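1. here is my input, please return the structure:
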Amino acid sequence: MSSAWLFFGGIALLYFLVMIPIQYLYISGIKERARKWKLSQEQMYENMSFEEEQLHFHIQGNIANLPSTIVAHFLYQLRHRKSKE
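-> Residues are numbered from 1 along each chain as shown. Just a heads-up that it's a prediction; the model follows:
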């Protein structure tokens, strides 16, 4: 039984690690698009096509992606923070 847990835990860890850069690129792309078009988040999502909305829902809304999304968001905030001088 423990070898099965180790196997599936390894797969989950691998998935988590692979998804971090994908989530980071997606988050930075969304933020860059909002900054370039000078739209609020609500306006940007209203202007999305159905396909883009579905992609966003599946990338950001999947419970299996939640840990990697949180880590990617933290890394994005860490790399793009403003200095408070």
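2. what score does the spatially most central residue of the chain have for pLDDT?
-> In the chain, the residue lying closest to the centroid (Cα atoms, centre = their mean) is residue 23, at 3.3 Å. Looking at residue 23, its pLDDT is 94.
3. adjust the sequence numbering to begin at 6 for everything that follows.
-> Shifting the count to begin at 6 puts that one at residue 28.
4. what ranges does this structure have for its strands?
-> Using DSSP state E, the chain contains no strands.
5. so where's the chain uncertain?
-> 6, 88-90 (pLDDT under 70).
6. and with 80 instead?
-> Within the chain, the set of residues satisfying pLDDT under 80 comprises 6, 46, 65, 87-90.
7. for the longest helix belonging to it, name the packing helices and strands.
-> Assignment by DSSP state H gives helix 7-42 as the longest helix of the chain. If you count contacts as 3 or more Cβ pairs under 8 Å, 6 or more residues apart in numbering; DSSP states H and E, helix 7-42 packs onto helix 46-51, helix 55-66, helix 71-84. The C-beta positions use only the backbone N, C-alpha and C, and glycine is treated the same way.
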